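please work out how this folds:
(chains A and B)
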Amino acid sequence: MKSVLQEGALVAVIGAALAFAANGLSPRGLELARNYFPGTKLSLQPAAGTNVAGTAGTGTNSPLEILAARLREHGLQLANSNQVTQLFHDPRRERDEVIFIDARDEANYRAGHIPGAYLFDRFHPENHLAGVIAVCLTAQQIIFYCNGGDCDDSEHAAIMLRDSIDLPQEKVFVYGGGFFEWITNGLPVEIGPRNSGQFTNVTHTAVPAAGEGSKR
Amino acid sequence: MSASHATDQRKPWRIAALLGRWLLGGLFICLGLINVVHGAEFLIFVRQQLRVTDPVLSSLFAQIAPWLQVLYGLLVLSGIARNAAAVIARWWLGILFIFMGLNKAFPHPEAFLKLVRQYDMVANPFLLNAIGAALPWFEVYCGALLLLGVAVRGAALNVVAMLVPFTLIVLKRALAIAATTGIPFCAVKFDCGCGAGEVFICHKLVENTVLLLLSVWLLAGHGRKFSLRFSLVREKEEPVGKVG
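Residues are numbered from 1 along each chain as shown, chains lettered A, B, ... in the order given. Below is the predicted model of the structure:
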């Protein structure tokens, strides 16, 4: 018994060292010192991708009201579907005075995004910061979005960018319904890189929506 | 007299081992038959999660694998070829942990980090990142040790040490979701961060029980054949290799 415990401890120590080394060497490794979830604290809610997403909870507030309250707490504004559609058709968008920022990863972005949106994968900001910072500084309104539902990448991306370049709070919006609401509303979707000129009406994304994916 | 005393002392262990073997065999048969009955869903799982994209290969795999599970369950249940069954258990557990670990570490470790965060276990960002960064690779490492047969009992002990708390927190979360939404417990489906995408909670609990029993089996000293170095630390007493 003692020998098993000794061996277990040995395996654990060597394993932990190797695991951190592997993470350090991996091109997709996580940075230990970085706060990937600035500003917010999550409570036990049904996760993204559950079969219960969208189900009414026992509380009196709707998910959108809860989200709006949480965003307010962090100095962010919630943009609803109508506001986002208006901003999308706003002529200032052509001059990059109104900009959309897609806070999902590159695979999802390329599979389809709001036309003209800038990609900002907050887990790999080094790839996007240079381009995004410049337009954020000159834009009058910035709308962050991710998939919607329980996805909170837009919120964290907004906090990260706002705090790193001191953006005025009134400029920053988070589109609560996100990309899934956008495609559900039948709005145009651009595929490939930004301003590729390729559009699609297909409501398909690289990552399955809440409740989709493996049926196992 | 002393020999019969020793036999008496080992009797509860023998009974526990026998019950464990029956439970393990039964659960394997159960899992295999579930996959046979829900063949279409298992095929989706093979294609999406195991990433067997070739239609012929995936169909073949989806048709054969459940029956192999049933066959293996019968083998364990009957106690026939116990040593071979233990070696298969070691290989299977090893491959599974390597696969699950790599699934978390690549291509999006941040997706796993988000799932870990949803359990609300740690508030400290550094600790959260440490779990998200090291855990997948630690699983790969334990899987490799089991597959190769190096420090098998130590690796199995670590697997048990991971499985027990993980299963408990997954159970806790599923109970919370069921209580919040009012849907039946077994209908709760979510991505638990286990590396296999969305799962029904009852299926996940059965799977984890199987993994736990397999690990305990190896921990008891079985599956020595084809091991590179079964023990790193010198053992003083005889292994309980013949029990169970």
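
backbone phi and psi for residue B:190, please?
Dihedral angles of residue B:190 (phi, psi; degrees, to the nearest 10) stand at phi -160, psi 160.

give the bridge partners for it, please.
residue B:199 (DSSP bridges).

what about it, neighbour count?
Residues near residue B:190, counting by other Cβ atoms under 10 Å in any protein chain shown, number 27. From N, CA and C alone the C-beta is placed, and that goes for glycine too.

test my guess that it contacts residue B:173.
Yes - with contacts counted by Cβ atoms under 8 Å, residue B:190 reaches residue B:173, the gap being 7.5 Å.

how about the strands in chain A?
Counting by DSSP state E, chain A has strands at residues A:77-79, A:98-102, A:118-119, A:141-145, A:172-175, A:189-190, A:199-200.

do you know which of the ones you listed lies nearest residue A:36?
strand A:141-145 (15.8 Å; Cβ to Cβ).

and the closest one, which strands flank it?
Strand A:141-145 has these strand partners (DSSP bridges): strand A:98-102 (parallel), strand A:172-175 (parallel).

got JSON lines for the ones you listed, with mean neighbour count too?
Below are these laid out as JSON lines (neighbours: other Cβ atoms under 10 Å in any protein chain shown):
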{"stretch": "strand A:98-102", "mean neighbour count": "25"}
{"stretch": "strand A:172-175", "mean neighbour count": "26"}
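
can you lay out these as JSON lines showing mean pLDDT?
JSON lines is the format used below for the strands paired with strand A:141-145 (pLDDT from 0 to 100):
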{"stretch": "strand A:98-102", "mean pLDDT": "95"}
{"stretch": "strand A:172-175", "mean pLDDT": "94"}
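
now those strands in a markdown table, with distance to residue B:27?
Below are those laid out as a markdown table (distance: least, Cβ to Cβ, whole Å):
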| stretch | distance to residue B:27 |
| --- | --- |
| strand A:98-102 | 44 |
| strand A:172-175 | 45 |
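
and of those strands, who's closest to residue A:181?
For the strands paired with strand A:141-145, the distance to residue A:181 is smallest for strand A:172-175, at 7.8 Å, taking Cβ to Cβ.

what's in contact with the closest one?
Residues outside strand A:172-175 that contact it (Cβ atoms under 8 Å, 6 or more residues apart in numbering or on different chains): A:71, A:75-79, A:83-84, A:87, A:141-145, A:148, A:154-155, A:158, A:161-162, A:181-182.

tell me which helix or strand residue B:213 sits in.
Using DSSP states H and E, the element containing residue B:213 is helix B:201-219.

do that helix and chain A meet?
Yes - counting by Cβ under 8 Å from any Cβ of the partner chain, chain A has neighbours in helix B:201-219: B:203, B:219.

give the other helices and strands that that helix contacts.
helix B:2-37, helix B:82-105, helix B:152-181 (3 or more Cβ pairs under 8 Å, 6 or more residues apart in numbering or on different chains; DSSP states H and E).

and the gap between the residue nearest the centre of chain B and residue B:98?
What sits nearest the mean C-alpha location of chain B, by Cα atoms, centre = their mean, is residue B:211, with 2.5 Å. Residue B:211 is 14 Å from residue B:98, where distance means Cβ to Cβ, to the nearest Å.

check residue B:178 too.
Look at residue B:178 and residue B:98: by Cβ to Cβ, they are 32 Å apart.

isn't residue B:149 right up against residue B:228?
Yes - between residue B:149 and residue B:228 there is a contact at 5.0 Å, judged by Cβ under 8 Å.

the more surrounded of the two?
Each of residue B:149 and residue B:228 has its neighbours counted (other Cβ under 10 Å); residue B:149 has more, 21 against 11.

so who does the more buried one touch?
Counting by Cβ under 8 Å, 6+ apart, residue B:149 has contacts B:90, B:223-224, B:226-230.
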